[in-house]
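Undergrad: based on what follows, work out the 3D shape:
(one chain, ligands or ions: 2)
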Amino acid sequence: QLHQIEKFRDLPAQTRDGVKVVLRANVGLVSDIDIARRNGAEGVGLYRTEFPYMIRPDFPSRDEQYQLYSRVVKEFNGLPVTIRTLDIGGDKALPYFKPPHEDNPFMGWRSVRVSLDNRDIFRTQIEAILMAACHGPVKMLFPMISGIEEIRACKAVVEEARQNLSSQGIAFQADVPLGMMVEVPAAVQLAERLAREVDFFALGTNDLIQYLLAADRNNALVNRYYDPLHPAVLQVLHNIASIAKRQNKGLCLCGEMANDPLNLLALIGMGIREFSMAAPFIPRMKMMLSRISSLEAEDVAKQVLEMTESSEIRASLTKLLKTTD
Ligand code: PEP
Ligand code: MG
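TA: Ligands and ions are numbered 1, 2, ... in the order given. Predicted coordinates for the structure are as follows:
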């Protein structure tokens with residue numbers, strides 16, 4: 001089977017009926033770049049910048065960040081690179097920036113909340129991203145947004161960063177597309193309004209599923225509650241896909257759920273056409289896509305969105321997938 005998957009490495013990502021799908025890589029460390037390119041990623045859909053911050057003794061300077069981000073952008077040679085601002089806290093700690101003890105770190109002081117409370121660190125990172133955008137098509141992504149004030153506050157820091165760079169006479173790209181992760185239930189509820197604030201959405205299903213279903217993504221005891229095919233999850237994903245389409249905003253799904261063929265079938269059926277994932281999965285994803293007909297996927301997605309139990313949903317998707325074997 002591995003041999004079969006290998007054949008897809010250099011083929012385009014498309015469904016059996018020729019609908020094109022964009023597959024980008026999730027990257028963290030510089031070593032991921034090569035893995036992404038070897039697996040045929042169309043650029044980076046999610047650059048998790050906390051990883052380079054995690055493996056150092058202290059906060060990197062603006063110039064160090066600029067060097068690092070530029071390198072990633074240049075290596076992708078004109079393909080888009082979506083750089084996400086710091087997403088620490090939860091299960092990701094910096095050795096030199098210990099948050100106070102929290103009973104519920106995933107509901108605590110994490111991600112963009114930490115950034116907004118540390119404006120200098122946040123603005124410095126944003127400046128480095130705007131500077132790196134001189135070297136290729138960069139998009140900027142804010143994690144864990146839960147409301148309008150928060151995304152506006154992020155945009156205000158971007159404006160401060162632009163002004164600071166201008167006043168220092170430093171070269172930067174001013175009109176970098178700005179996007180937000182949809183990974184908190186409140187953002188789903190407000191998606192129609194949040195979409196007007198940004199250029200694109202990134203669906204962070206790893207967190208979104210855990211917050212929607214109140215099931216810790218890292219706790220084996222509640223593993224069975226962490227269900228990507230739960231009817232509530234599918235309705236939410238469909239809702240976001242429809243809003244993004246109607247408002248003509250980009251949408252990329254960058255959680256792990258797309259790696260499973262059943263989930264992928266449902267996602268394609270809902271009209272999602274851009275994914276970002278750990279790059280070694282890309283050839284396998286291409287193979288799975290080549291077996292799916294977008295029309296059949298659309299039909300089955302319509303049906304499963306009406307269903308009330310995930311066992312029923314799973315059975316329908318499995319049945320369709322079997323006929324494509
Ligand atoms: C997610 O939450 O789905 C996501 C892609 O981000 P992370 O896994 O880094 O939280
Ligand atoms: Mg997340």
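Undergrad: can I assume Ala171 is in contact with Ala133?
TA: No. With contacts counted by CB atoms under 8 Å, Ala171 stays clear of Ala133, the gap being 10.0 Å. Every C-beta, even on glycine, is put in place using the N, C-alpha and C of the backbone.
Undergrad: tell me which element Phe275 falls in.
TA: According to DSSP states H and E, Phe275 maps onto strand 274-278.
Undergrad: next helix or strand past that strand?
TA: Immediately after strand 274-278, counting by DSSP H and E, sits helix 282-291.
Undergrad: can you list the residues of the stretch 51-200 of the chain near ligand 2?
TA: Applying CB under 5 Å from the ion, we find that the stretch 51-200 of the chain lies next to ligand 2 at Glu183.
Undergrad: find the closest residue to ligand 1 in the stretch 51-200 of the chain.
TA: As assessed by CB to the nearest ligand atom, ligand 1 sits closest to Glu183 within the stretch 51-200 of the chain, at 4.8 Å.
Undergrad: pLDDT wise, what is that residue at?
TA: pLDDT, Glu183: 98.
Undergrad: same question, Leu305
TA: 98.
Undergrad: cool, Pro228 as well?
TA: pLDDT, read off for Pro228, is 98.
Undergrad: and it, how many neighbours does it have?
TA: By other CB atoms under 10 Å, 22 other residues sit near Pro228.
Undergrad: could you do the one 5 residues further on as well?
TA: Val233 sits with 22 neighbouring residues when counted by other CB under 10 Å.
Undergrad: if I look at Leu221, how far off is Ala215?
TA: Distance, Leu221 to Ala215, using CB to CB, to the nearest Å: 9 Å.
Undergrad: okay, those two: which has more neighbours?
TA: The neighbour comparison of Leu221 against Ala215 (other CB under 10 Å) goes to Ala215, with 17 against 8.
Undergrad: show me which residues of the stretch 201-325 of the chain are close to ligand 2?
TA: 204, 207.
Undergrad: tell me the confidence at the closest residue to Asn26 other than its chain neighbours?
TA: In space, and not counting its chain neighbours, Asn26 is closest to Leu46: 4.5 Å by CB to CB, 6 or more residues apart in numbering. Per-residue confidence (pLDDT) for Leu46: 98.
Undergrad: show me where the stretch 201-325 of the chain has strands.
TA: Per DSSP state E, counting those that start in this stretch, the stretch 201-325 of the chain carries strands over the ranges 250-253, 274-278.
Undergrad: and of the ones you listed, who's closest to Asp260?
TA: Judged by CB to CB, the one of the strands of the stretch 201-325 of the chain that comes nearest to Asp260 is strand 274-278, at 11.1 Å.
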